[in-house]
Structures are given as structure tokens and as C-alpha cells.
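Peer 1: here is a sequence with its predicted model. Questions after.
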Amino acid sequence: MGLEVKEAPVATTAGRFLALQADFYSIGPSYQRTLVWRVTEMVWFTPEIGVERPVLKYLLTSAQLHAINDAREGELRMELEVTGTLP
């Protein structure tokens with residue numbers, strides 16, 4: 001699974017950053033969400049250099065995939081929730 005940051009605010013001062021938190025959920029019966037992983041990344045931006053746009057990649061282990069598959073009913077449902085904060 002990958003997440004690419006495409007847009008970020010224009011910086012007016014050097015050294016600013018955007019804090020991104022990504023939560024990846026497996027969706028079970030009755031919309032019960034199970035957190036599979038959570039990660040926080042800092043995306044730096046400065047007027048001189050511009051915006052750093054990292055591609056974030058996350059690996060799911062075989063054990064996680066088996067657990068997700070065993071817990072599902074019907075179609076496999078996943079959810080990615082991304083929150084960005086300017087500190």
C-alpha cells in the first residue's frame with residue numbers, strides 16, 4: 001500500500017512542516033474497525049526548496065492478512081484515514 005502526498009500549503013517561512021498521521025483499518029461486521037497500523041510522517045516545506053513529497057509505503061505481514069481474511073464476512077473492506085496538521 002502506498003500513499004503519495006500531492007498537495008501541501010505554500011510556506012512563507014523556512015522550516016515549516018505538515019504532520020501527517022495515517023491509520024489503516026480493517027472493517028468487520030457491523031462496521032467494527034480494527035486498527036492494522038498507524039504511522040506519523042513529517043512533510044517539510046521551505047520557500048527555497050519547495051515541498052518534499054515522499055511516497056509512503058507500508059507492508060502488511062502474512063499473519064495480518066490471514067487475520068483480516070479470517071475476520072471478514074463477505075467482501076473484504078479496508079479503510080485509510082489520513083489526518084494532516086500544521087503545528
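Peer 2: Here it is on my side, so go on.
Peer 1: need the phi and psi values for residue 30.
Peer 2: Here is the backbone geometry of residue 30 (degrees, to the nearest 10): phi 60, psi 30.
Peer 1: check it and give its pLDDT.
Peer 2: On pLDDT, residue 30 comes in at 81.
Peer 1: tell me how far it lies from residue 58.
Peer 2: 26 Å (Cβ to Cβ, to the nearest Å). For the C-beta atoms, the positions are set from N, CA and C on the backbone; glycine is no exception.
Peer 1: and what about the residue nearest to residue 68 when sequence neighbours are not counted, helix, strand or coil?
Peer 2: Leaving aside its sequence neighbours, residue 68 sits nearest to residue 26 (Cβ to Cβ, 6 or more residues apart in numbering; 4.6 Å). Assigned with DSSP: H, G, I helix; E, B strand; the rest coil, residue 26 falls in the strand class.
Peer 1: which one of residue 30 and residue 58 has more residues nearby?
Peer 2: residue 58 (14 against 6; other Cβ atoms under 10 Å).
Peer 1: Provide the backbone phi and psi angles at the more buried one.
Peer 2: phi -130, psi 140.
Peer 1: what's around residue 24, how many residues?
Peer 2: Residues near residue 24, counting by other Cβ under 10 Å: 20.
Peer 1: ok, what's across the strand from the residue nearest to residue 68?
Peer 2: With DSSP bridges as the criterion, residue 26 is bridged to residue 34, residue 78.
Peer 1: I'd like to know how far it sits from residue 35.
Peer 2: Relative to residue 35, residue 26 is positioned 8 Å away (Cβ to Cβ).
Peer 1: more crowded one of those two?
Peer 2: Higher neighbour count among residue 26 and residue 35: residue 26, with 21 against 10, using other Cβ under 10 Å.
Peer 1: mind listing what that one touches?
Peer 2: Counting by Cβ atoms under 8 Å, 6 or more residues apart in numbering, residue 26 touches 33, 34, 36, 68, 71, 72, 77, 78, 79.
Peer 1: would you confirm that the second one contacts residue 23?
Peer 2: No - counting by Cβ atoms under 8 Å, residue 34 stays clear of residue 23, with 10.9 Å between them.
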